[in-house]
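Chemist: 3D model of this:
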Amino acid sequence: MRYLVLVSHGTFAPGLHSVLRMLGGERADVLSASLEDGMSADAYVARLKEVLAALTADDEVVLLGDIIGGSPLTNALNVLAEQGLLAHARAFGGMNLPMAMTALMGLATQDLDALAQSMLTEAHDGARELQIATDDADDDEEDDI
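Modeler: Next up is the predicted model:
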């Protein structure tokens with residue numbers, strides 16, 4: 001089985017997990033764990049091990065973290081290494097909703113290389129500044145939002 005695992009500081013990962021449930025339904029292949037304010041690294045690792053306990057050596061993992069080099073992501077990689085799953089994992093930092101939704105939609109159907117490319121494209125394309133029309137704008141201009 002292939003799993004989508006979300007990790008973060010604060011409540012970002014469980015919050016994003018909640019949004020994915022709202023948009024895509026309840027799924028056993030999506031897991032999340034977060035390093036909450038005041039939580040020790042050891043407590044976070046223990047929680048992460050509980051969340052990942054169901055994974056087997058035959059499973060694959062798409063791991064999304066909030067910050068590249070951040071302790072939630074680096075500790076998640078360490079736990080996957082301890083479980084012998086690092087060779088079956090793809091890790092990404094800078095997660096956002098478009099990236100996570102793309103991962104969710106292609107998790108079971110796309111090969112990992114194609115899924116990774118789609119996720120990165122959606123993550124990039126999903127972030128941009130909107131041009132907001134105001135009363136001061138020229139009436140002849142019609143900007144699409």
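Chemist: What distance separates the opening and closing residues of stretch 54-68?
Modeler: End-to-end distance of stretch 54-68: 25 Å, with Cα to Cα, to the nearest Å as the criterion.
Chemist: Quick one: distance of it to the chain centre.
Modeler: 10 Å (Cα atoms, centre = their mean, to the nearest Å).
Chemist: Mind telling me which residue is nearest the centre of the chain?
Modeler: The centroid of the chain falls nearest to residue 64 when counting by Cα atoms, centre = their mean (3.4 Å).
Chemist: List phi and psi for that one.
Modeler: phi -110, psi 130 (degrees, to the nearest 10).
Chemist: what sits opposite it in the beta ladder?
Modeler: residue 6, residue 92 (DSSP bridges).
Chemist: what separates it from residue 30, distance-wise?
Modeler: To residue 30, residue 64 is 10 Å away according to Cβ to Cβ, to the nearest Å. For every residue, glycine as well, the C-beta is placed using N, CA and C.
Chemist: Return every residue with contacts to both of those two.
Modeler: 4, 5, 6 (Cβ atoms under 8 Å, 6 or more residues apart in numbering).
Chemist: any low-confidence regions in this structure?
Modeler: Scanning the chain for pLDDT under 70 picks out the ranges 136-145.
Chemist: And the helices in it, which stretches?
Modeler: Secondary structure of the chain by DSSP state H: the helices cover 12-24, 41-51, 71-82, 97-106, 112-125.
Chemist: Export the ones you listed to JSON lines and append columns for distance to residue 34 and mean neighbour count.
Modeler: Converted to JSON lines, the helices of the chain look like this (distance: least, Cβ to Cβ, whole Å; neighbours: other Cβ atoms under 10 Å):
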{"stretch": "helix 12-24", "distance to residue 34": "5", "mean neighbour count": "16"}
{"stretch": "helix 41-51", "distance to residue 34": "8", "mean neighbour count": "15"}
{"stretch": "helix 71-82", "distance to residue 34": "7", "mean neighbour count": "19"}
{"stretch": "helix 97-106", "distance to residue 34": "14", "mean neighbour count": "20"}
{"stretch": "helix 112-125", "distance to residue 34": "19", "mean neighbour count": "15"}
